[in-house]
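>>> Generate coordinates for the sequence data below:
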Amino acid sequence: MQLSSEALPRHLTSGLKPLYVVYGDALLLVTEAADSIRSAARQAGFNERNILIAEQHFKWDELRNAAQSLSLFSSRRVIDLRIPSGKPGIEGGQALQDYTAQINDDVLTLITLPKIDWSAQKSLWFSTLAQHAVMICADDIPRKQLPKWLAGRLERQAQSTDLATLDFLADRSEGNLIAAFQEIQKLSLLFPPGTLSFEQVKESVMDVARYDIFKLSEAMLAGDTVRYSHILQGLQAEGTATVLILWALTEEIRTVGKLLQALQHGNTTRDALRELRVRKEKLTLTENASRRLSFSSIERAISHAARLDKIIKGLKTGDVWDELLQLGLRLTKP
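Model prediction:
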């Protein structure tokens, strides 16, 4: 069974399953999901908890032994297994497969993992867990879904606001979900239940966005001029190395160029994207960018990037940050 972290609370009210796996790169959502499962387990009479952390040199026999050695004072317990690397290795993978075959109702097992890439998700140990466990994906909230998530968090504290204000909140907290959650909690302390105005939110919310060069390239691919400019300003304020920004942008520009070339030679979009090894989360963005941009515009952008590279290296004069903005505007404008 696959659940989102937001759907987990409702699931827990209908009864517990013996095996849960929480995985993802959003620390807040992973922590909340794991805490919810542990709390529900305590209420259901699982009074003991064994915490196992599968780091280097971890003995996987401990997992099997923990489930089998019940206390004299409690017949039900929680096995809390944490795999920080997300890579149990050959021995660990086999141990997890063997463990799932011996699940019993007196032991509730909670396994927490970081974000699992597509290749690891196809591994036998992960596939086995997916067949037997309730899987809770707790990945970071994409920018487009962030306003809805913020609205849901406001609703939990009997507050609401309009879409424009939610977008403002999303811009100020993008890439920093924990800080966004803290800002939402702060609103509950500052204002009573009800509808919040834009002015109230603006005066109380700090700019807590964690700017990311990869989110900048996503904004460029999406043709989102406002978001591109906002993220670039944040990167400049944080002193991010311009050579890294240029590298990230150039990689995406070249990928779109190669996709356009492949399409001109008669390849299908699906085959070309697979050949270029475009990551799953960027498939739609890259495909849409190829429909929006021409090959000549890509060529001009690559020439612009080459000139920018010389400016960064001191071989030409110019304002690096302004040139980065102009490069983005070249590819985000309709």
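
>>> Centroid-nearest residue for the chain?
Geometric centre of the chain, nearest residue: residue 140, 2.7 Å, by C-alpha atoms, centre = their mean.

>>> so where's the longest helix in the protein?
The single longest helix within the chain, with elements called by DSSP state H, is helix 242-264.

>>> next helix or strand past that helix?
Using DSSP states H and E, the helix or strand that follows helix 242-264 towards the C-terminus is helix 269-275.

>>> what comes up buried for that following helix?
272-273 (16 or more other C-beta atoms under 10 Å). In short, each C-beta sits where N, CA and C put it, glycine included.

>>> What of stretch 162-169?
Under the neighbour-count criterion of 16+ other C-beta under 10 Å, stretch 162-169 has 165-166, 168-169 buried.

>>> again, but for stretch 44-56
Residues of stretch 44-56 classed as buried by neighbour count (16+ other C-beta under 10 Å): 46, 50, 52, 54.

>>> Pretty sure the first one sits against residue 108.
This means residue 46. Yes - the criterion here is C-beta atoms under 8 Å, and residue 46 meets it with residue 108 at 5.3 Å.

>>> Now for these two: what residues contact both?
76-78 (C-beta atoms under 8 Å, 6 or more residues apart in numbering).

>>> Tabulate the residues you listed (CSV), appending distance to residue 237, secondary structure and pLDDT.
Below are the shared contacts of residue 46 and residue 108 laid out as CSV (distance: C-beta to C-beta, whole Å; DSSP: H, G, I helix; E, B strand; the rest coil; pLDDT from 0 to 100):
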residue, distance to residue 237, secondary structure, pLDDT
76, 52, coil, 83
77, 49, strand, 88
78, 44, strand, 91
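
>>> could you pull out the strands for the chain?
With DSSP state E as the criterion, the chain has strands at 2-4, 19-23, 48-53, 77-82, 107-113, 134-137, 159-160, 194-195.

>>> Adding distance to residue 219, write these out as JSON lines.
Shown next, in JSON lines, are the strands of the chain (distance: least, C-beta to C-beta, whole Å):
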{"stretch": "strand 2-4", "distance to residue 219": "25"}
{"stretch": "strand 19-23", "distance to residue 219": "27"}
{"stretch": "strand 48-53", "distance to residue 219": "38"}
{"stretch": "strand 77-82", "distance to residue 219": "34"}
{"stretch": "strand 107-113", "distance to residue 219": "29"}
{"stretch": "strand 134-137", "distance to residue 219": "24"}
{"stretch": "strand 159-160", "distance to residue 219": "28"}
{"stretch": "strand 194-195", "distance to residue 219": "30"}
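
>>> Compute the inter-axis angle for the lowest-mean-pLDDT helix or strand in the chain and strand 77-82.
Sorted by mean pLDDT, DSSP states H and E, the helices and strands of the chain end with helix 61-68, the least confident at a mean of 82. If you take axes from the mean of the first three to the mean of the last three C-alpha atoms, to 10 degrees, helix 61-68 sits at 160 degrees to strand 77-82.

>>> CA atoms only for stretch 234-243, dumped as CSV, please.
Written as CSV, here are the backbone C-alpha positions of stretch 234-243 (Å, rounded to 0.1, in the frame of the first residue of the first chain):
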residue,chain,number,x,y,z
GLY,A,234,18.4,34.9,-3.4
LEU,A,235,21.4,33.0,-4.7
GLN,A,236,23.3,36.3,-5.2
ALA,A,237,22.4,37.4,-1.6
GLU,A,238,23.7,34.1,-0.3
GLY,A,239,27.0,34.5,-2.2
THR,A,240,26.5,31.3,-4.3
ALA,A,241,29.4,30.6,-6.6
THR,A,242,28.5,31.9,-10.1
VAL,A,243,30.5,29.1,-11.8
